[in-house]
Each structure stands twice: as structure tokens, then as C-alpha cells.
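> coordinates only, no sequence provided:
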């Protein structure tokens, strides 16, 4: 099954695995309107970490584990799990690929920056460009392709 890079109307993006674009629209309906989104197949790097709402620590002599946060985690769905990017070159490459595919104006600001600290005015202007240039219509594009294919 392919992965899809989904761009939502706000400055949000998702990576979703689906059988095809029709299946993708069904999945997108779980959280929003597919008509508000655009998507492309994603064939870039992928690295995702899942961090539970528990903290584990090995004793100094490495013989015994201690676990903190069980009471809080037990009260949360999926033990308070949070999805994060990994700390690796692959994770950095994934973030770059996702940003380039979903937010081209913001990516350009990052790539053209001479200094470590980005100019907030340039970031804001690029974010506004990405918001204005996002043309939702994933479902409409899907319907046009289906008509051309004779479905």
C-alpha cells in the first residue's frame, strides 16, 4: 500500500497509508473533509518514534528497572503515547521531504537562510503564501481522474 503526503488547509500535513486514493478519502473523513485536502504519493524517508507516557530508568548497576508515570499513563488513551520524529539523519530527511512537499514557501525560507536563526517576518510571509496557495480539492481532483478513467 502506498503512503500519501496529505496537506490540510492549515499549516498541517499528514502521512497516511491507504490502498488507493479512494481508500485515502475514506480515511481522511475520519478527521476532516477530504475536499479540504490535497495529496501526493510519498516515497520519501520515514522515521517515527512512539513515546509512551511512562518513564523507565535502569539502575546504576544495570540490574533493576524503575518505572514512573504509571498513574498518569493509565488514565490516558494508549498510555499517553505521543508520536514524534526520531533523532536521526533519516528523521531529518523525512521532515525536509514532508516540508518541501507540503509547505514549499516555508521550505524555501529555511533553505535560503544564511544564519541559524530564521527571520520571523520571512517565516510569517512564507506561511501566509503557503496558506494562500493551498488549493483544497482532493476529492474534486479524484472525481476528475475517475471520469477520465471511465469509472
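Yes, it's here. Treat the numbers as computed from the prediction; the structure is a model and nothing was measured.
> quick check: can you list the domain ranges of the protein?
3-47+86-149, 48-85 (automatic domain parsing).
> tell me where the chain has helices.
21-28, 70-74, 89-102, 104-112, 120-133, 138-149 (DSSP state H).
> for these, which has the smallest mean pLDDT value?
Among those, helix 138-149 has the lowest mean pLDDT, at a mean of 58.
> let me see the confidence value for the residue of the chain positioned farthest from its centre.
Here the chain reaches farthest from its C-alpha mean at residue 61, the gap being 39.6 Å by Cα atoms, centre = their mean. pLDDT, residue 61: 88.
> let's have the helices of the chain in TSV, adding distance to residue 37 and mean neighbour count.
For the C-beta atoms, the positions are set from N, CA and C on the backbone; glycine is no exception. Formatted as TSV, those follow (distance: least, Cβ to Cβ, whole Å; neighbours: other Cβ atoms under 10 Å):
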stretch	distance to residue 37	mean neighbour count
helix 21-28	6	17
helix 70-74	32	12
helix 89-102	10	16
helix 104-112	16	15
helix 120-133	14	14
helix 138-149	5	13
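> any idea which of those helices gets closest to residue 42?
helix 89-102 (7.0 Å; Cβ to Cβ).
> if I look at the closest residue to residue 56 other than its chain neighbours, how far off is residue 52?
Leaving aside its sequence neighbours, residue 56 sits nearest to residue 67 (Cβ to Cβ, 6 or more residues apart in numbering; 5.3 Å). Note on residue 67: its distance to residue 52, by Cβ to Cβ, to the nearest Å, is 10 Å.
> quick one, which of the two is more surrounded?
Per other Cβ atoms under 10 Å, whichever of residue 67 and residue 52 has more neighbours is residue 52, with 15 against 11.
> so the more buried one makes contact with residue 81?
Yes - applying Cβ atoms under 8 Å, one finds residue 52 in contact with residue 81, separated by 5.3 Å.
> residue 39 and residue 23, how far apart?
Residue 39 is 12 Å from residue 23, by Cβ to Cβ.
> quick one: end-to-end distance for stretch 5-25.
13 Å (Cα to Cα, to the nearest Å).
> name the residues that touch that stretch?
1-4, 26-28, 32, 34, 36-42, 44, 46, 98-99, 101-103, 106, 127, 130-131, 134, 136, 138-139, 142, 145 (Cβ atoms under 8 Å, 6 or more residues apart in numbering).
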